[in-house]
Each structure stands twice: as structure tokens, then as C-alpha cells.
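Novice: quick one: sequence plus predicted model below, questions after.
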Amino acid sequence: MTRAAIIGASGYTGSELLRLLAHHHDLTVSVVTSRQYAGKHVGDVFPHIGRRYGDLVFREPDIPAIAQDADVAFAALPHKTAMEAVDVLARAGIPVVDLSADFRFRDQSVYEKWYVPHIAPELLERSVYGLPELYREEIPKATIVGNPGCYPTGAILGLASLLSAGAVSSQGIVIDSKSGVSGAGRSPSPGTIYPETTDGIRAYGVLSHRHTPEIAEHLSRAAGETADVTFTPHLMPAIRGILSTIYARTTSPMKTEDILDIFQSAYAGEPFVRVLGPWTLPDTRWVRGSNYIDIGALVDSSGSRAIIVTAIDNLVKGASGQAIQNMNLLLGLSEDTGLSHIPLFP
């Protein structure tokens, strides 16, 4: 049984890793870290999964010691903090899936423009962007997998196949995304507490959100040229889910069925991509608690504009579920191991 460490296990992504790994037959969680809860049992912090983890206790993030007690690791830490841990683990030969932004970019200068100076740039060449539907062949060869951001997952999978097929233009793409408040993390703030989010919806990070270059990089790869992307995220009064509505110009007159055919062909056999039928558009409730992404599309009456809608659970396919999907690939396991959960309803 492969021993897994979850570094930074007390946040939402950490708790989701624990919940999902409770159903994994080839990974056992041997280490969980949290500065805040060091010394406490998992069940004291997360009663809903405590019985499954028995006497497992949160410990301080002593990374060299963790490398002795685990075979693989998930880094569920903020950017900068994550790269420090990943650097130590990688040098010890421990495969890592990093849920921060620290290893999502090959270009050091792009990362540093949007985040902070990178302390381990030599590791960027050894990392792979962890979107299995696009980079499945590269992931098993990596030492470090940079798990994609939640917004980029829905946006990229909603556009990459269309751009690769030359069906839509890489210019003038507009992505309008709405996320539940769990995407802001577990630490409370005035902008995410219940009284200030329940009855409203608002845009944020307009023209400045850090996921923009991540989205643009992989859409540009798919298109074979620089993609022009406008991305606007919104906070919606829900706990989970991201709904992205994407607008793109077709390169020639098309019908809805043409776009859906491209999706069906591109994602045939994908375990977690569900392409919906004509006039059926995704709902975040249909993917809640699961690792699925639902994709729907319509083309306007002129045949010149495609409207694509995607839905994911931001904590699962947008974070922890995708991290496990990537770890399964790293370990040569079936990709859906531990991830066969049916979405929650209602």
C-alpha cells in the first residue's frame, strides 16, 4: 500500500483529499500536517471523516521527516510555501502533486510576474501541468505535477478541443465564470462570510485575476498561436461549484451539433468528461461532490458565435479530485481509482 502525505491538510482541499482518499484502495494516508491543529486527531477537526482515520494526528510540517514517512505527497499549501516544501520532497525523490500555483508554469518569468520570485526554478522543467485530458502522456513521466487552478480547469476543457480543431478563433475569447465561496479558502474574511455573500453576486479580479495567464497559456498551446482571452470571475452565493460561460467566434458557419460532435470526439472515453446533448446546459448541482466536468454548447442563429458552458465542483475536479486523478497516473493506477463518486443531489 502506497503511503501518502497531505501537507496542509486542514483546509478545504485538504479535507476533500481525506474524504476522497478514504475510498482509495491503493493509497493510505500516513501523514497529515497543519500548524494550526498539530497534535489534534483528524476526527477532532473533521468529524465527518474522523472514524475512517482512527488515530491519525495532525503534525507540524517537518518536510524532511515527512519524506521518511511517505512515498508520495500532496501539497495543499499556499503559493510560495508550497514551493519550499516541494523542493525538499523532490530532492528526496518523493513524487508530488502540488495544488498551489507554484509549478503550473514552465516560464519562470510569467509565474513571477503574477506571483512571487521562484526559489526552485530548476524544478519547473521537471514539472507537468496536471490536466489529464490534455497531458495524460506527460504526467506519468513527471516528478512534480502542478495541479491546475479551478477556474482554468473549466475554461480550458471547454475550449481546447475546439481551438485544436480550428473550429473557433483564438482571438476575442470571453470567459465569464462564477464560483462558490469555498474557492476563497477556509479562513473567514468579510468578503466570504455568510451575511456578506448570501444575497449577492459580484465580479472580482477584473482584468487582473491570476488565473488569466494560466488559461491563456494552455489555450494558446491548443490553438498553436497566442490566444486573446478576457476572463472575469464572480463570487456567487453557493458553497461549491464553478459555472463558466464561454463566448467564442466560429471560424466558419457552424451548427450546435458540429460543436458537440467535436467535443464528443475529443473526449470519447474520458472517465470524467460528460458532453451534454443539444439544448441541455450544465448545472453545478449535477457535478457537486464529484470529479466530473459537464460541457454543453449552443451556436447562435448566424452560426458565427459558439456559447460553451462548463460546470465543475471547484473542490473536486477543480482541486482535490483532479490531484488524485494525477497521482493515479503518476503511480500507474487506473485513473478513476477512488474517484467513482456519484454527484450529490439535491
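Specialist: Cool, got the structure. Numbers count the residues shown, from 1 in each chain.

Novice: Phe231 reaches Ala155, doesn't it?
Specialist: Yes: contact criterion C-beta atoms under 8 Å: Phe231 and Ala155 qualify, at 7.0 Å. All C-beta spots, glycine's among them, are computed from the backbone N, C-alpha and C.

Novice: tell me which of those two has more neighbours.
Specialist: A count of neighbours by other C-beta atoms under 10 Å puts Ala155 above the other of Phe231 and Ala155, at 30 against 24.

Novice: gap between the more buried one and Leu219?
Specialist: For Ala155, the distance to Leu219 equals 8 Å [C-beta to C-beta, to the nearest Å].

Novice: ranges for the strands of the stretch 1-150 of the chain?
Specialist: Secondary structure of the stretch 1-150 of the chain (DSSP state E, counting those that start in this stretch): strands located at 2-7, 27-33, 58-59, 72-75, 96-98, 127-129, 144-146.

Novice: could I get those strands as a markdown table with distance to Gln264?
Specialist: As requested, the strands of the stretch 1-150 of the chain are exported to a markdown table (distance: least, C-beta to C-beta, whole Å):
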| stretch | distance to Gln264 |
| --- | --- |
| strand 2-7 | 35 |
| strand 27-33 | 32 |
| strand 58-59 | 45 |
| strand 72-75 | 32 |
| strand 96-98 | 29 |
| strand 127-129 | 24 |
| strand 144-146 | 27 |
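
Novice: TSV please, covering those strands and showing distance to Leu243, mean pLDDT and mean neighbour count.
Specialist: Below are these laid out as TSV (distance: least, C-beta to C-beta, whole Å; pLDDT from 0 to 100; neighbours: other C-beta atoms under 10 Å):
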stretch	distance to Leu243	mean pLDDT	mean neighbour count
strand 2-7	28	98	22
strand 27-33	31	98	22
strand 58-59	34	98	22
strand 72-75	26	98	26
strand 96-98	25	98	30
strand 127-129	23	97	23
strand 144-146	24	98	28
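
Novice: how about those, which one is nearest Ile295?
Specialist: Between Ile295 and these, the shortest separation by C-beta to C-beta is 19.6 Å, and it involves strand 127-129.

Novice: what's around Gly39, how many residues?
Specialist: Residues contacting Gly39 under the criterion other C-beta under 10 Å number 10.

Novice: how about it, phi and psi?
Specialist: In terms of degrees, to the nearest 10, the main-chain angles of Gly39 are phi 100, psi -10.

Novice: is it true that it touches Val57?
Specialist: Yes: in this structure Gly39 lies within contact range of Val57 using C-beta under 8 Å: 6.6 Å.

Novice: what's the domain layout of this protein?
Specialist: As given by automatic domain parsing, the domain ranges for the chain are 2-147, 150-314.

Novice: first to last residue in the first one, what's the distance?
Specialist: This means domain 2-147. 20 Å (C-alpha to C-alpha, to the nearest Å).

Novice: need the domains of the chain in CSV with distance to Pro343, can you?
Specialist: Conversion of these to CSV gives the following (distance: least, C-beta to C-beta, whole Å):
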stretch, distance to Pro343
domain 2-147, 14
domain 150-314, 4
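
Novice: which stretch among those comes nearest Leu331?
Specialist: domain 2-147 (6.3 Å).

Novice: mind listing what Val72 touches?
Specialist: Val72 is in contact with 2-5, 27, 94-97, 327, 330-331, counting by C-beta atoms under 8 Å, 6 or more residues apart in numbering.

Novice: closest one to Ser244 among the strands of the stretch 1-150 of the chain?
Specialist: Among the strands of the stretch 1-150 of the chain, the nearest to Ser244 by C-beta to C-beta is strand 127-129 (18.3 Å).

Novice: quick check: which helices or strands does the closest one pack against?
Specialist: Strand 127-129 makes packing contacts with strand 144-146 when contacts are defined by 3 or more C-beta pairs under 8 Å, 6 or more residues apart in numbering; DSSP states H and E.

Novice: strands paired with the strand it packs on, and their directions?
Specialist: For strand 144-146, sheet partners with direction are given as strand 96-98 (parallel), strand 127-129 (parallel), following DSSP bridges.

Novice: pull out the buried positions in stretch 180-197.
Specialist: Buried residues in stretch 180-197, counting neighbours by 16 or more other C-beta atoms under 10 Å, are found at 180-184, 192, 197.

Novice: where does the stretch 151-300 of the chain have low pLDDT?
Specialist: Under the criterion of pLDDT under 70, none of the stretch 151-300 of the chain is flagged as low confidence.

Novice: now do the helices in it.
Specialist: The residue ranges that make up the helices of the stretch 151-300 of the chain, judged by DSSP state H, counting those that start in this stretch, are 194-197, 211-223, 256-266.

Novice: most tightly packed of those helices?
Specialist: Mean neighbours per residue, mean count of other C-beta atoms under 10 Å, is largest over the helices of the stretch 151-300 of the chain for helix 211-223, with a mean of 22.

Novice: chain center to that helix: distance?
Specialist: Taking C-alpha atoms, centre = their mean, to the nearest Å, the mean C-alpha location of helix 211-223 is offset from the chain mean by 15 Å.

Novice: what's it packed up against?
Specialist: Using 3+ C-beta pairs under 8 Å, 6+ apart as the contact criterion, the secondary-structure elements in contact with helix 211-223 are helix 108-114, helix 150-164, strand 229-235.
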